[in-house]
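S.K.: Sequence and predicted structure are below.
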Amino acid sequence: MANRYVRILVVNWFDWTHPLWGGAEVYLREVYRRLAARGHDVTLLCSTYAGGAAEAVEDGIRVVRRGNFWTFHLQVPWFYRRDPALAGQAWDCVFEYTNKVPMLTPLFVRAPLIAVAHHLFGASIFHESKAPIAAYVYLMERLIPVVYRRTPWIAVSPSTRQDLVALGIPAGNIHVIPNGIDSGLFSPRRHRDTEKMETKVVSVSPCLRGEPPIIAWIGRMKRYKRVDVLLRAMPLVLERVPEARLELAGDGPEAPRLRALAGRLGLAAETVRFLGAVTEEEKLALLRRATVLAQPSLKEGWGRTVLEAAACGVPAVASDVPGLRDSVLPNETGLLVPPTKPDALAGAVLSLLLDPDRRRTLGQAARAYARRFTWDDAALATEHLARERASVSRPLVQAAVPGTQR
């Protein structure tokens with residue numbers, strides 16, 4: 001089987017070039033570009049956006065963009081059966097990413113199918129969306145155990161697996177394939193050891209360099225991310241560590257409200273910096289200068305930015321919620337606190353800012369933990385499932401090449 005390839009269709013709301021891309025799209029890109037490089041034929045069906053070509057090849061993956069943001073999940077059956085770019089294709093395995101709203105593919109896909117879950121919203125969707133939309137998403141998720149009960153699943157974390165089991169999916173149908181991390185790229189800052197004349201990777205705390213301690217947050221500014229809790233925690237942090245700074249990397253629909261909240265809390269612009277959307281290089285620079293990463297979200301599929309920080313030797317203070325319970329090992333690689341409680345978040349952040357030895361110990365353990373997770377491992381596990389499920393496998397049309405870290 002190692003010299004055989006599989007014709008794969010992936011169905012996901014966005015691709016990684018969409019303006020609203022997120023963690024699911026990073027996972028998709030990193031896994032399937034590796035499968036494409038190994039000789040598999042991969043097509044992605046996703047929604048379109050202004051300026052996005054109807055069809056393109058991205059990272060070796062054929063991308064077919066159709067429909068629009070609001071109706072894509074309703075149009076997928078038509079695209080699958082009737083669109084000239086897709087209809088009649090002999091797919092060996094179909095992957096449906098069920099984030100946002102499940103597309104109910106078991107009702108119309110006749111090829112071997114695997115569903116992929118990053119996280120389930122559950123009741124948390126009511127913290128994010130208006131009541132009619134939230135109710136629709138919530139009810140669509142209630143259909144999962146009815147429609148997908150016999151479908152194999154990939155969950156990106158043990159927490160997501162538990163959510164699926166609680167919803168009614170048999171535990172034996174669920175395979176956990178976590179996110180990866182490029183721990184070669186995400187690493188502590190480098191400096192030149194002049195005595196040994198060689199480059200070493202050394203984690204040096206900003207506090208020890210005489211710089212103000214930096215609390216970093218990275219993500220999309222959406223309501224369920226609860227950045228407001230972090231902002232409300234900052235005055236409590238500043239009472240004990242007045243030189244502390246908060247840097248927020250990301251944009252989103254909540255950004256104006258959060259900027260206004262920072263003003264009402266009396267947080268000066270030099271104390272709280274809204275960086276907006278950042279490049280990967282800018283994100284890496286932020287993580288390398290950070291003292292602590294804060295993640296007060298109500299729910300995550302995994303907490304990829306927590307592991308990116310960990311790979312840079314930066315411990316995290318995160319909400320004790322599904323997903324973040326997997327990316328943070330409490331009191332080993334970071335701290336978990338009750339969600340929505342600014343005083344608890346502030347207390348945990350302060351405990352690390354004021355104790356450099358503990359912070360250093362957690363940061364070293366966090367880096368070791370992050371290095372357990374690679375995109376190559378995630379791709380190989382996905383490839384194994386695809387071949388196992390495939391209706392046929394075909395002779396490779398090109399030599400298989402190993403996946404490479406970005």
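M.R.: Thanks, I have it.
S.K.: Not counting residues beside it along the chain, what's closest to Thr151?
M.R.: Spatial nearest neighbour of Thr151, excluding adjacent residues (CB to CB, 6 or more residues apart in numbering): Ala115 at 5.1 Å. No exception for glycine: its C-beta is placed from N, CA and C like everyone else's.
S.K.: pLDDT score assigned to that neighbour?
M.R.: Model confidence at Ala115, expressed as pLDDT, equals 98.
S.K.: and it, how many neighbours does it have?
M.R.: 26 (other CB atoms under 10 Å).
S.K.: Can you tell me how far it is from Trp302?
M.R.: When CB to CB, to the nearest Å is the yardstick, Ala115 and Trp302 sit 17 Å from each other.
S.K.: Can you show me the helices along the stretch 251-400 of the chain?
M.R.: Remark: helices of the stretch 251-400 of the chain, listed N- to C-terminal, are 255-264, 280-289, 304-311, 324-327, 342-353, 356-370, 375-389; assignment by DSSP state H, counting those that start in this stretch.
S.K.: List the buried residues in the fourth one.
M.R.: For helix 324-327, a neighbour-count test (16 or more other CB atoms under 10 Å) marks Leu324, Arg325, Asp326, Ser327 as buried.
S.K.: In a markdown table: those, plus distance to Ile181 and pLDDT.
M.R.: Converted to a markdown table, these look like this (distance: CB to CB, whole Å; pLDDT from 0 to 100):
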| residue | distance to Ile181 | pLDDT |
| --- | --- | --- |
| Leu324 | 15 | 94 |
| Arg325 | 17 | 92 |
| Asp326 | 13 | 92 |
| Ser327 | 10 | 93 |
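S.K.: will you turn those into CSV that also has distance to Leu286?
M.R.: CSV is the format used below for the buried residues of helix 324-327 (distance: CB to CB, whole Å):
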residue, distance to Leu286
Leu324, 19
Arg325, 24
Asp326, 23
Ser327, 18
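S.K.: Just the closest of these to Leu104, please.
M.R.: Using CB to CB, Asp326 is the member of those that lies nearest Leu104, at 27.5 Å.
S.K.: Spit out the contact partners of the closest residue to that closest one other than its chain neighbours.
M.R.: Counting by CB to CB, 6+ apart, Ser157 is the residue found nearest to Asp326 once chain neighbours are left out, at 4.2 Å. The contact partners of Ser157, by CB atoms under 8 Å, 6 or more residues apart in numbering, come to His119, Val176, Pro178, Gly301, Trp302, Pro322, Gly323, Asp326, Ser327.
S.K.: What pLDDT is listed against the third one?
M.R.: According to the per-residue confidence, Pro178 scores 94 in pLDDT.
S.K.: Hmm, it is touching Phe373, no?
M.R.: Yes: under the criterion of CB atoms under 8 Å, Pro178 lies in contact with Phe373, with a separation of 5.5 Å.
S.K.: Which one of these two is surrounded by more residues?
M.R.: Between Pro178 and Phe373, Pro178 has the larger neighbour count (other CB under 10 Å), namely 23 against 20.
S.K.: What separation do you get for the more buried one and Val11?
M.R.: 21 Å.
S.K.: per-domain residue ranges of the protein.
M.R.: Structural domains assigned to the chain are 4-180+374-395, 190-370, following automatic domain parsing.
S.K.: weakest of these by average pLDDT?
M.R.: Lowest mean pLDDT within the domains of the chain: domain 190-370, a mean of 89.
S.K.: which one is Ala316 nearest to, not counting chain neighbours?
M.R.: Spatial nearest neighbour of Ala316, excluding adjacent residues (CB to CB, 6+ apart): Gly334 at 3.8 Å.
S.K.: Now do the same contact list for that neighbour.
M.R.: By CB under 8 Å, 6+ apart, the residues touching Gly334 are Leu293, Val306, Ala310, Pro315, Ala316, Val317, Ala318, Val328, Leu362, Ala366.
S.K.: Next, work out how far apart the residue nearest to Gln295 when sequence neighbours are not counted and Asp59 are.
M.R.: By the measure of CB to CB, 6+ apart, the closest residue to Gln295 outside its immediate chain neighbours is Ala318, 4.1 Å from it. As defined by CB to CB, Ala318 lies at a distance of 30 Å from Asp59.
S.K.: Could you check which of those two has the larger neighbour count?
M.R.: Ala318 (27 against 17).
S.K.: Report the separation between that one and Lys225.
M.R.: Using CB to CB, which is the criterion applied here, Ala318 is 12 Å from Lys225.
S.K.: Find residues that contact each of those two.
M.R.: Common neighbours of Ala318 and Lys225, counting by CB under 8 Å, 6+ apart, are Pro296, Ser297.
S.K.: re earlier: closest to Arg240 out of the helices of the stretch 251-400 of the chain?
M.R.: Each of the helices of the stretch 251-400 of the chain has some distance to Arg240 by CB to CB; the shortest is helix 342-353, at 5.4 Å.
S.K.: Run through the neighbouring helices and strands of that closest one.
M.R.: Under the contact criterion of 3 or more CB pairs under 8 Å, 6 or more residues apart in numbering; DSSP states H and E, the helices and strands touching helix 342-353 comprise helix 227-240, strand 292-295, strand 316-319, strand 334-337, helix 356-370.
S.K.: and the angle for it with helix 356-370?
M.R.: In this structure, helix 342-353 runs at an angle of 100 degrees to helix 356-370, with axes from the mean of the first three to the mean of the last three CA atoms, to 10 degrees as the basis.
S.K.: Just the CA atoms of helix 342-353, as CSV, please.
M.R.: What follows is helix 342-353, C-alpha atoms only, in CSV (Å, rounded to 0.1, in the frame of the first residue of the first chain):
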residue,chain,number,x,y,z
PRO,A,342,-10.6,38.3,35.6
ASP,A,343,-9.3,38.0,39.2
ALA,A,344,-8.3,34.3,38.7
LEU,A,345,-6.6,35.1,35.4
ALA,A,346,-4.8,38.1,36.9
GLY,A,347,-3.6,36.0,39.9
ALA,A,348,-2.2,33.3,37.7
VAL,A,349,-0.4,35.7,35.4
LEU,A,350,1.1,37.5,38.4
SER,A,351,2.3,34.3,39.9
LEU,A,352,4.4,33.8,36.8
LEU,A,353,5.5,37.4,36.4
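S.K.: angle of it against helix 227-240?
M.R.: Going by the same axes, to 10 degrees, helix 342-353 makes 50 degrees with helix 227-240.
S.K.: hmm, back to that, which residues pair with the residue nearest to Ala316 across the strands?
M.R.: The bridge-partner assignment for Gly334, based on DSSP bridges, gives Ala316, Pro330.
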